[in-house]
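K.L.:
Give me coordinates for this.
(chains A and B)
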Amino acid sequence: MILDFQKCYGVDNIFNKDCVDLSPYSFIHPWPLVMMLLKFIKNLPSQSLSLVLPKDASTKAYLKRIHLDEMFEKIGCQKEHDLFSKITMSDRDNLNIQPLILCKYRDEFNAKLEYFLKMFRSFGLSEEDSQRATAVIGELGNNVFDHNLGNWPTSIVGAIIAGQNYPAYKRIEITIGDPGVGFYESLTKAFPEIKNDMEAIKKGLEGNTGRVGESRGNGLKLIQKLTINNFSGQVMIHSGDGLAIVSKKGIQLSRVHKILGTIAQFVINYN
Amino acid sequence: MTLQMIKFGSILNSRPAGREAVLRAKQILNGFTDNEVQLDFSSVEVLTPSFADEFIKGLKNEYLDKKVTFMEFEKNVVIKETLDLLNFI
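P.N.:
Alright, predicted model coming up:
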């Protein structure tokens, strides 16, 4: 069984419980990985959340290969980190697998952009598309730091980045999550009439910014333009309890379970 | 006067980097008398709207009497799309 974007929602989703049970899954997409890490960060003070690793040995090895154990350590979840201590992994190099990355600060993130450009080339994207995808990831990261600097709600700060190439489907998923203030808190400073997370995400996607007195907001416009027009892809944003899926069909908004901060994903379909 | 943008980096991203680049450009352009500042994007790989907005608007505000123009950007679709999105071209 595969844990993907769709399975993160609905009444039976694994994030509605006090235990994230990965035991039935043979593969986990970037979106649920980032969602899981944000849930652990949210529950750090109470330590009320637990993790069950997949039963399948190769899936456990995969999670170790993407450095999930190190990520748990970085966000202060030592118990979950230790679950991986006896897991061994093969040293087979697979360019389609990218390790999870935590960039605590903007400079760290900017320094990684060169790496992302090379990563997209190694995935097989053309030079032009690699540059486009790097611009998209750059703007998503900019939003994380522009809207949370000096105002992070917890002691864990920064952007968590996960990516996966699916060569058989010619599809790439890049997910960026942050345990930040989210769209609603950021945008209501400039637009107090916004009532909920869904409205806030919609406002942000329309090119508005929460930075009072500043002319901004083009980043999300470029992200939508490049992802949808050039890659026939999708942009997903979950912030607070709002979820937006943007595709050629337009923006689809729904109310879902509440998360700490924001998760954004862009899906690229390539030739 | 021409500014070679590659000297600010091959991936031009973020507003803080754009602001810092304006301050640096002021030093480079100090005392120049031309009526035009040309931004040469040769060898630049990525230009994001955040950097472009901060840098180009910052430069235009600094040199109100000068024209800011762009060169060597046509071959790079990302640079072209960013300049177009911000209505600079």
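K.L.:
rest of the way, CA atoms for contacts and neighbours
P.N.:
Noted.
K.L.:
Can you give the contact residues for stretch B:78-89?
P.N.:
A:128, A:131-132, A:135, A:218, A:222, B:45-49, B:52-53, B:73-74 (C-alpha atoms under 8 Å, 6 or more residues apart in numbering or on different chains).
K.L.:
what about residue A:257, neighbour count?
P.N.:
By other C-alpha atoms under 10 Å in any protein chain shown, 17 other residues sit near residue A:257.
K.L.:
so it, which of the three states?
P.N.:
When classified by DSSP: H, G, I helix; E, B strand; the rest coil, residue A:257 comes out as coil.
K.L.:
Then residue B:18?
P.N.:
helix.
K.L.:
mind listing the helices in chain A by residue range?
P.N.:
A:30-42, A:57-65, A:68-74, A:78-82, A:106-122, A:127-148, A:182-187, A:197-205, A:218-224 (DSSP state H).
K.L.:
Could you pull up the residues touching residue B:4?
P.N.:
The contact partners of residue B:4, taken as C-alpha under 8 Å, 6+ apart, are B:39, B:40, B:41, B:42.
K.L.:
Filter those residues down to the ones in strands?
P.N.:
With strands taken from DSSP state E, the overlap with the contacts of residue B:4 comprises B:39, B:40.
K.L.:
Tabulate the contacts of residue B:4 in JSON lines, adding columns for pLDDT.
P.N.:
Putting the contacts of residue B:4 into JSON lines (pLDDT from 0 to 100) gives the following:
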{"residue": "B:39", "pLDDT": "97"}
{"residue": "B:40", "pLDDT": "97"}
{"residue": "B:41", "pLDDT": "97"}
{"residue": "B:42", "pLDDT": "97"}
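K.L.:
Highest neighbour count among the contacts of residue B:4?
P.N.:
residue B:41 (23 neighbours).
K.L.:
pLDDT check: weakest of the contacts of stretch B:78-89?
P.N.:
Among the contacts of stretch B:78-89, residue A:218 has the lowest pLDDT, at 83.
K.L.:
That residue: neighbouring residues, count only.
P.N.:
22.
K.L.:
what do you get for residue A:271?
P.N.:
Neighbour count for residue A:271, taken as other C-alpha under 10 Å: 9.
K.L.:
Verify the contact between it and residue A:169 for me.
P.N.:
No. Counting by C-alpha atoms under 8 Å, residue A:271 does not reach residue A:169; the two are 9.6 Å apart.
K.L.:
Just the buried residues of stretch A:7-23, please?
P.N.:
A:8, A:14, A:15, A:20, A:22 (16 or more other C-alpha atoms under 10 Å in any protein chain shown).
K.L.:
Let me have these in TSV, adding pLDDT as columns.
P.N.:
Listed next are the buried residues of stretch A:7-23 as TSV, based on pLDDT from 0 to 100:
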residue	pLDDT
A:8	95
A:14	89
A:15	89
A:20	95
A:22	96
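K.L.:
And the residues you listed, which is closest to residue A:255?
P.N.:
residue A:8 (13.0 Å; C-alpha to C-alpha).
K.L.:
hang on, that closest one packs against residue A:15?
P.N.:
Yes. Residue A:8 lies in contact with residue A:15 (C-alpha under 8 Å); the separation is 6.9 Å.
K.L.:
Near chain A, which residues of chain B are found?
P.N.:
B:11, B:13-14, B:45-50, B:76-78, B:82, B:85-86 (C-alpha under 8 Å from any C-alpha of the partner chain).
K.L.:
repeat that with 7 Å
P.N.:
Counting by C-alpha under 7 Å from any C-alpha of the partner chain, chain B comes close to chain A at B:13, B:14, B:45, B:46, B:47, B:48, B:49, B:50, B:77, B:78.
K.L.:
Run a quick neighbour tally on the first one.
P.N.:
Residue neighbour count, defined by other C-alpha under 10 Å, stands at 24 for residue B:13.
K.L.:
Now do the contacts for it.
P.N.:
Counting by C-alpha atoms under 7 Å, 6 or more residues apart in numbering or on different chains, residue B:13 touches A:138, B:47, B:48, B:50, B:51.
K.L.:
repeat that for 8 Å
P.N.:
Listed by C-alpha under 8 Å, 6+ apart, the contact set of residue B:13 reads A:110, A:135, A:138, A:139, B:46, B:47, B:48, B:49, B:50, B:51.
K.L.:
Go ahead and build a ChimeraX selection from the buried members of these.
P.N.:
The following ChimeraX line selects those of the contacts of residue B:13 that are buried, judged by 16+ other C-alpha under 10 Å:
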select /A:110,135,138,139 /B:46,47,48,49,50,51
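K.L.:
Redo the contacts of residue B:13 as TSV? Include distance to residue A:252.
P.N.:
Converted to TSV, the contacts of residue B:13 look like this (distance: C-alpha to C-alpha, whole Å):
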residue	distance to residue A:252
A:110	31
A:135	24
A:138	24
A:139	22
B:46	30
B:47	29
B:48	26
B:49	25
B:50	26
B:51	30
